[in-house]
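Peer 1: I need the structure of the sequence given here:
(chains A and B)
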Amino acid sequence: MSRLIQNRIGNTLLRLKPQPSILIKNLSTSPEPSLDDESSQSSHIWNVIIARAGGDSEDEVFHRLSNDPLCNRVTLSDTLLNKLLHRFRDDWRSALGVLKWAESRKAHKNHSPEAYDTAVDILGKAKKWDRMKDFVEKMKVDNTVTLNTVAKIMRRFAGAGEWEEAVNVFDRLNEFGLEKNTESMNLLLDTLCKEKRVERARSVLLELKAHIKPDAHTFNIFINGWCKTNRVEEALWTVQEMRGYGFRPCVISYTTIIKCYCLQCDFIKVYEMLSEMEANDSPPNSVTYTTIMSCLNSQKEFEESLRVAARMKRSGIEGDTLFNNCLIHTLARAGRVEEAERVFRDEMPSVNTSTYNSMIAMYCHHDEEEKAVELLREMESLKVCEPDVHTFHPLLRSCFKRGDVVEVGRLLKEMVTKHHLSLDESTYTFLIQRFCRADMCEWAYCLFEEMISQDIAPRHRTCLLLLDEVKKKSMHEAVERIEHVMRTVKLTAPVK
DNA sequence: ATAGGGTTAG
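Peer 2: Down below sits the predicted model:
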């Protein structure tokens, strides 16, 4: 959205009363650095760079950064550069400006190739094909194009439906000093298959196989390609073809097919395949069981899902983190809190954010918020993994349920200032809904403006809900603003 | 990027 609209929103916000200052002040603006804290110090510098790097052209960004004394004192490590590029992954002008500035800061402009690959990826994401091609030509001269670069180009082209361009890149591999071999061929085939152009991938293979030998990966790529388009017959046929080439289908081949049967809800075939794997000496692993359980969970078949987990344990396979996360989720949904706690405490050598999220959600669901908060504090002190927006969702939900909006504000502040999280589309949508329902549409409206100023498009339904509420309250300016947004912004449909 | 989570829901 244009900066013009953003300014107008800024003015609207200034006029809006009463101001729920906790939301306005804390949600969008960067957290204030606390004293004597090294990470806050660097987060301050980060915020300064970010502020300078927003701009309408890459030259503008470049000049603003170059002329800023503070920015020029920063030691610009590869890590920092990559973090900056990641921050501007949806803003190619700023990203290129930052990169240009970074180059000018180095005497012998040799940044890690990763930065250049990211730049290529950002241009591809923005579909700036000409700029991307120019960029790659420059890299070609410097001899810095790697297979990783090529992967980014191909995937961006294919992702935008320009899969002929993806094939062209493969044809030009030699120009980039790269080889046409099984690895690079597999990359092209996988790109096409992931974009559901499996037939096209087939004809590429037919054309190339006189010169390049397929390997086991090649066939797994096709099995996946067929399964993605729900053509399990062809996937099975590919297994046969694979055997014909002297490769044994592996656990990946079978798991891919099982996933396909799962999506078809054909559990007879799922269990048949499971037995076949055991018989064929490519036994199912943790991934296979997790796949099946997740699918059963989405059907709310929690007891059956637990039987699958038991089957895995019986066959002597150790669950990894993803499996145990799934198991905890299943136990929680099946109402078996103590068992979930036991898995969490005794059976997990390593945990991640999702593990905590499942446990926190479980406690909130069973109205044991003290325990949920206790786990949040544990995350903060152990620092094994950091909370994300999903960690807070169930906690926020509980506050709304209790009608404790003060606590909602406190949690939001914690998310933004302590954990540097920015609210995403679904969080905004959820909060706006709940504030409306709590008859606090002033707060909901502030979040709405907040969302727009972050360039996050609201859902059509969210606009309608809020519009209805502000009309009831006779908030005329808000009505006008929401109607304006509905006319000018491309609204998103609810995710099904 | 050769295979695998969830989610705040009246």
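Peer 1: for the stretch 301-450 of chain A, which residues are neighbours of DNA strand B?
Peer 2: Residues of the stretch 301-450 of chain A found near DNA strand B (CB under 7 Å from any atom of the strand) are A:320, A:322-323, A:325-326, A:329, A:333, A:352-354, A:357-358, A:361, A:364-365, A:388, A:390, A:393-394, A:396-397, A:401, A:426-427, A:429-430, A:433. To be clear about C-beta, it is placed using only N, CA and C from the backbone, and glycine gets the same treatment.
Peer 1: in helices, which of those residues fall?
Peer 2: A:322-323, A:325-326, A:329, A:333, A:353-354, A:357-358, A:361, A:364-365, A:390, A:393-394, A:396-397, A:401, A:426-427, A:429-430, A:433 (DSSP state H).
Peer 1: among those, name the buried ones.
Peer 2: Buried subset of these (neighbour count, 16 or more other CB atoms under 10 Å): A:323, A:325-326, A:329, A:333, A:353-354, A:357-358, A:361, A:364-365, A:390, A:393-394, A:396-397, A:427, A:429-430, A:433.
Peer 1: got the CA coordinates for stretch A:133-152 in PDB?
Peer 2: The C-alpha trace of stretch A:133-152 is given here as PDB (Å, rounded to 0.1, in the frame of the first residue of the first chain):
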ATOM      1  CA  LYS A 133      18.300 -11.500 -14.900                       C
ATOM      2  CA  ASP A 134      20.600  -8.400 -14.800                       C
ATOM      3  CA  PHE A 135      21.600  -9.400 -11.300                       C
ATOM      4  CA  VAL A 136      22.400 -12.900 -12.300                       C
ATOM      5  CA  GLU A 137      24.400 -11.700 -15.400                       C
ATOM      6  CA  LYS A 138      26.600  -9.700 -13.000                       C
ATOM      7  CA  MET A 139      27.000 -12.700 -10.800                       C
ATOM      8  CA  LYS A 140      28.000 -14.700 -13.900                       C
ATOM      9  CA  VAL A 141      30.800 -12.300 -14.700                       C
ATOM     10  CA  ASP A 142      32.100 -12.600 -11.100                       C
ATOM     11  CA  ASN A 143      31.700 -16.400 -11.400                       C
ATOM     12  CA  THR A 144      29.600 -16.500  -8.200                       C
ATOM     13  CA  VAL A 145      26.500 -18.400  -9.600                       C
ATOM     14  CA  THR A 146      26.100 -21.600  -7.700                       C
ATOM     15  CA  LEU A 147      23.600 -24.400  -7.900                       C
ATOM     16  CA  ASN A 148      21.900 -22.800  -5.000                       C
ATOM     17  CA  THR A 149      21.500 -19.600  -7.000                       C
ATOM     18  CA  VAL A 150      20.100 -21.600  -9.900                       C
ATOM     19  CA  ALA A 151      17.700 -23.300  -7.500                       C
ATOM     20  CA  LYS A 152      16.300 -20.000  -6.400                       C
END
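Peer 1: which outside residues touch that stretch?
Peer 2: Under the criterion CB atoms under 8 Å, 6 or more residues apart in numbering, residues A:113, A:116-117, A:119-121, A:123-124, A:153, A:169-170, A:173, A:175-178, A:183-184, A:187, A:191 lie in contact with stretch A:133-152.
Peer 1: can you pull the buried residues of it?
Peer 2: Neighbour counts over stretch A:133-152 (16+ other CB under 10 Å) mark A:Phe135, A:Val136, A:Met139, A:Thr144, A:Val145, A:Thr146, A:Thr149, A:Val150, A:Ala151, A:Lys152 as buried.
Peer 1: one more: stretch A:303-318?
Peer 2: Neighbour count says stretch A:303-318 has A:Ser305, A:Leu306, A:Val308, A:Ala309, A:Met312, A:Ile317 buried, by 16+ other CB under 10 Å.
Peer 1: which other helices and strands does the helix or strand hosting A:Leu192 contact?
Peer 2: Secondary structure from DSSP states H and E places A:Leu192 in helix A:182-194. Packing partners of helix A:182-194 (3 or more CB pairs under 8 Å, 6 or more residues apart in numbering; DSSP states H and E): helix A:147-159, helix A:163-171, helix A:198-208, helix A:216-228.
Peer 1: distance from the second one to the middle of the chain?
Peer 2: Going back to what we said before, that points to helix A:163-171. How far helix A:163-171 lies from its chain's middle: 27 Å, per CA atoms, centre = their mean, to the nearest Å.
Peer 1: show me what it is packed against.
Peer 2: Judged by 3+ CB pairs under 8 Å, 6+ apart, helix A:163-171 is in contact with helix A:147-159, helix A:182-194.
Peer 1: let's go with 6 Å and repeat that
Peer 2: In terms of contacts (3 or more CB pairs under 6 Å, 6 or more residues apart in numbering; DSSP states H and E), helix A:163-171 is packed against helix A:147-159.
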